[in-house]
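**Q** no sequence on this one, just coordinates:
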């Protein structure tokens, strides 16, 4: 199967298994490549680069979704915390991320859902960060 054909099973794999599961062909040596074969390889490179970008976007959106779900459904109380922010700060290791990154994604999720009524992942985190100071004024935030 092609490399892209092998990608359909990626969501079932642990991250450290992905590079082990996709086998690169061993056909480096051989006859000269045709123009078409070179272009196919370039398409493969571009496709895999796009895939990396999409996986990163999915991972960020999943983080934001999970944070919002824990926040909205008060999952932090199960860990003995009265505030979500304190839970994030003290339990950041659960997420394997820095507190500042988690907090920014949470703020972006709050802005998207609570202020603007957007779906999770609508705004890039950097854009949400710039708009967050307007979170108390939904109309100005929408205009901005």
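**A** Noted; the coordinates are in hand. Since this is a predicted model, take the numbers as computed values, not measurements. Numbering: from 1, shown residues only.

**Q** in the protein, which helix is the longest?
**A** Identified as the longest helix of the chain according to DSSP state H is helix 35-72.

**Q** next, the buried residues of that helix.
**A** Using 16 or more other C-beta atoms under 10 Å as the test for burial, helix 35-72 gives 60-61, 63-64, 66-68, 70-71. C-betas here are computed from N, CA, C, even on glycine.

**Q** could you point out where the chain is predicted with low confidence?
**A** 1-15, 17-19, 21 (pLDDT under 70).

**Q** helices along that one, start to end?
**A** 3-6, 15-21, 35-72, 84-90, 92-95, 99-110, 125-131, 138-143.

**Q** could those helices go into a markdown table alongside distance to residue 29?
**A** Shown next, in a markdown table, are these (distance: least, C-beta to C-beta, whole Å):
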| stretch | distance to residue 29 |
| --- | --- |
| helix 3-6 | 19 |
| helix 15-21 | 23 |
| helix 35-72 | 14 |
| helix 84-90 | 53 |
| helix 92-95 | 45 |
| helix 99-110 | 45 |
| helix 125-131 | 45 |
| helix 138-143 | 59 |
